[in-house]
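Visitor: A structural model of the following input is requested.
(one chain, ligands or ions: 1)
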Amino acid sequence: MDLIAQLDEFEAQALAAIAAAADLAALEAVRIQFLGAKQGKLRDLQGLLGQATKDLKPLWGKRFNEVKNRVSAALDARQRELARPAVAVGGLDVTMPGVVPRLGRRHPLTQTILEFKDIMGRFGFTVADGPEIEDDYHNFEALNIPADHPARDPLDNFYLASAVVGAGLKNSGGGSEARLLRSQTSTVQIRVMEKTKPPVRIISVGRVYRPDTIDATHSCMFHQMEGLMIGPSVTMAHLKTVLRLFAHAYLGHDVHIRFRPSFFPFTEPSVEVDMSWNEPGKPWLEIGGAGMVDPNVLKAVGYDPDQVSGFAFGLGVERFCMRRHGIPDIRLFTSNDVRFLSQF
Ligand code: FA5
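Guide: So this is what the prediction gives:
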């Protein structure tokens with residue numbers, strides 16, 4: 001048999017053996033059998049090359065190299081194939097990258113609240129919580145809001161229907177037994193002071209409810225951050241400093257704070273807090289109410305107004321978040337629109 005025919009046979013046998021190798025060990029045995037440097041079949045054929053006549057030498061040499069390269073390439077390809085992890089049942093290739101699941105993220109308001117807690121924590125304020133369903137005492141009476149005060153109007157609050165024996169459900173609006181969705185986080189001030197001796201330095205962040213007309217800056221459910229600091233000689237200067245430091249930390253150093261005289265039954269004096277930025281022509285933005293805790297409130301929780309004083313503030317969380325991110329409409333927070341939510 002001439003060398004060409006032997007090379008053809010060698011190639012066919014080698015390729016068949018490579019395809020049949022079931023694992024890497026079997027493939028290595030095939031490699032040694034056909035291409036091994038010491039006893040491989042190709043080495044024997046190489047010896048025959050020397051017997052070629054001058055005319056045949058280029059032809060045999062070309063075919064020899066072709067066969068050698070083809071068998072080597074087939075060995076490499078089969079080796080890569082066998083080195084891959086096993087393919088699971090059902091034809092699923094576990095080495096494929098797969099479909100990356102869309103990851104959820106925290107709601108922008110949750111992110112804002114966590115950041116508020118972090119900033120105020122650095123100023124030494126701990127976090128307190130209170131119930132969203134409140135009683136008349138904590139939402140009004142202890143906050144110095146008397147029985148005939150317009151802030152108790154059923155049209156301005158979400159009173160809960162309560163069970164009355166023999167009469168089914170009845171709106172409890174107005175009475176001292178009333179239960180309502182809290183209209184402000186100031187309720188937590190009372191709950192904390194009832195349980196804690198001064199000094200006090202807390203914040204409380206949570207949902208509040210008001211039947212306000214809904215528009216771009218008003219919602220009937222929104223969030224407030226309440227702050228309360230009580231101790232000997234706490235003054236309005238402390239209040240302004242804390243609010244300014246907070247605003248700087250959350251919104252940047254070009255924020256200015258302004259107090260406007262106002263009225264809240266539970267603080268005296270009371271102020272509205274406005275902020276502005278170094279943006280010519282832009283109006284001041286109201287972001288909360290604040291003031292020095294009224295001595296009547298201090299007395300109601302058993303504190304001595306001659307020994308301690310304190311400030312309190314209540315800020316609209318949505319207003320801050322909207323300002324920081326340029327959100328034009330408060331309703332976007334509750335629209336559940338992934339196009340909006342995925343931007344945070
Ligand atoms: C209060 O709720 C007082 N409890 C604040 C306070 C706390 C005063 C402690 C003194 C001492 P006011 O009603 O102004 O105040 O609300 C405070 C902030 O809540 C507003 O400045 C605004 O940022 C936000 N806010 C009020 N109503 C809405 C609403 N409907 N939607 C969204 N944000 C609102």
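
Visitor: show me what from the stretch 51-200 of the chain comes close to the ligand.
Guide: 184, 186 (CB under 6 Å from any ligand atom). For every residue, glycine as well, the C-beta is placed using N, CA and C.

Visitor: can you name the residue of the stretch 51-200 of the chain nearest the ligand?
Guide: The minimum distance from the stretch 51-200 of the chain to the ligand, using CB to the nearest ligand atom, falls at Gln184 (3.6 Å).

Visitor: surely that residue is within a strand?
Guide: No: read with DSSP: H, G, I helix; E, B strand; the rest coil, Gln184 is coil and lies in no strand.

Visitor: for it, give me its contacts.
Guide: Residues in contact with Gln184 (CB atoms under 8 Å, 6 or more residues apart in numbering) are 139, 208, 224, 226, 314.

Visitor: residues contacting the residue nearest the centre of the chain?
Guide: The centroid of the chain falls nearest to Arg106 when counting by CA atoms, centre = their mean (2.9 Å). Counting by CB under 8 Å, 6+ apart, Arg106 touches 114, 344.

Visitor: now it, what's its secondary structure?
Guide: Using three-state DSSP, the secondary structure recorded for Arg106 is coil.

Visitor: which residue ranges of the stretch 201-344 of the chain form strands?
Guide: 221-231, 255-264, 267-277, 285-293, 309-316 (DSSP state E, counting those that start in this stretch).

Visitor: from the chain's centroid, how far away is the shortest one?
Guide: Its chain's average C-alpha position is 28 Å from that of strand 309-316, according to CA atoms, centre = their mean, to the nearest Å.

Visitor: check the third one too.
Guide: A distance of 31 Å separates the centroid of the chain from that of strand 267-277, by CA atoms, centre = their mean.

Visitor: packing partners of that strand?
Guide: Packing contacts for strand 267-277, counted by 3 or more CB pairs under 8 Å, 6 or more residues apart in numbering; DSSP states H and E, involve helix 236-251, strand 255-264, strand 285-293, strand 309-316.

Visitor: ok, longest helix in the protein?
Guide: helix 56-83 (DSSP state H).

Visitor: buried set for that helix?
Guide: For helix 56-83, the buried set under the neighbour-count rule, 16 or more other CB atoms under 10 Å, comprises 60, 63-64, 67-68, 71, 74-75, 78.

Visitor: would you turn those residues into a markdown table with pLDDT and distance to Lys240?
Guide: As requested, the buried residues of helix 56-83 are arranged in a markdown table below (pLDDT from 0 to 100; distance: CB to CB, whole Å):
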| residue | pLDDT | distance to Lys240 |
| --- | --- | --- |
| Trp60 | 90 | 99 |
| Arg63 | 92 | 94 |
| Phe64 | 92 | 93 |
| Val67 | 95 | 90 |
| Lys68 | 94 | 87 |
| Val71 | 95 | 86 |
| Ala74 | 96 | 82 |
| Leu75 | 95 | 80 |
| Arg78 | 94 | 78 |
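
Visitor: and the two most separated of the residues you listed?
Guide: Greatest spatial distance among the buried residues of helix 56-83 (CB to CB): Trp60 and Arg78, at 27.0 Å.

Visitor: circling back: counting contacts, what elements does the longest helix of the chain pack onto?
Guide: Contact here means 3+ CB pairs under 8 Å, 6+ apart; on that basis helix 56-83 packs against helix 3-20, helix 24-35, helix 41-49.

Visitor: hey, C-alpha coordinates of stretch 96-103 in PDB?
Guide: Written as PDB, here are the backbone C-alpha positions of stretch 96-103 (Å, rounded to 0.1, in the frame of the first residue of the first chain):
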ATOM      1  CA  MET A  96     -25.100  29.200  28.800                       C
ATOM      2  CA  PRO A  97     -25.200  32.700  30.300                       C
ATOM      3  CA  GLY A  98     -29.000  32.500  30.900                       C
ATOM      4  CA  VAL A  99     -31.500  35.200  31.300                       C
ATOM      5  CA  VAL A 100     -30.500  37.800  34.000                       C
ATOM      6  CA  PRO A 101     -33.500  38.400  36.300                       C
ATOM      7  CA  ARG A 102     -34.600  42.100  36.800                       C
ATOM      8  CA  LEU A 103     -33.600  43.100  40.300                       C
END
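
Visitor: what residues are up against Gly291?
Guide: Residues near Gly291 by CB under 8 Å, 6+ apart: 239, 262, 264, 266-271, 311-313.

Visitor: and the helices and strands packed on helix 56-83: which comes nearest Leu92?
Guide: Counting by CB to CB, Leu92 lies closest to helix 24-35 out of these; the figure is 22.4 Å.

Visitor: contacts made by the closest one with the rest, please.
Guide: Looking at helix 24-35 with CB under 8 Å, 6+ apart, the contacting residues turn out to be 10, 13-14, 17-18, 20-21, 39-42, 68, 71-72, 75, 78-79, 82-83.

Visitor: interface residues of the stretch 201-344 of the chain facing the ligand?
Guide: So the stretch 201-344 of the chain meets the ligand at 210, 212, 218-219, 222, 224, 264, 267, 270, 286-291, 312-314, 316, 318-319 (CB under 6 Å from any ligand atom).

Visitor: got a quick PyMOL command for the buried subset of those residues?
Guide: Listed next is the PyMOL selection for buried residues among these, using 16+ other CB under 10 Å:
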select buried, resi 210+219+222+224+264+267+270+286+287+288+289+290+291+312+313+314+316+318+319
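
Visitor: give the closest residue to Phe333 in space, chain neighbours not counted.
Guide: Leu109 (5.8 Å; CB to CB, 6 or more residues apart in numbering).
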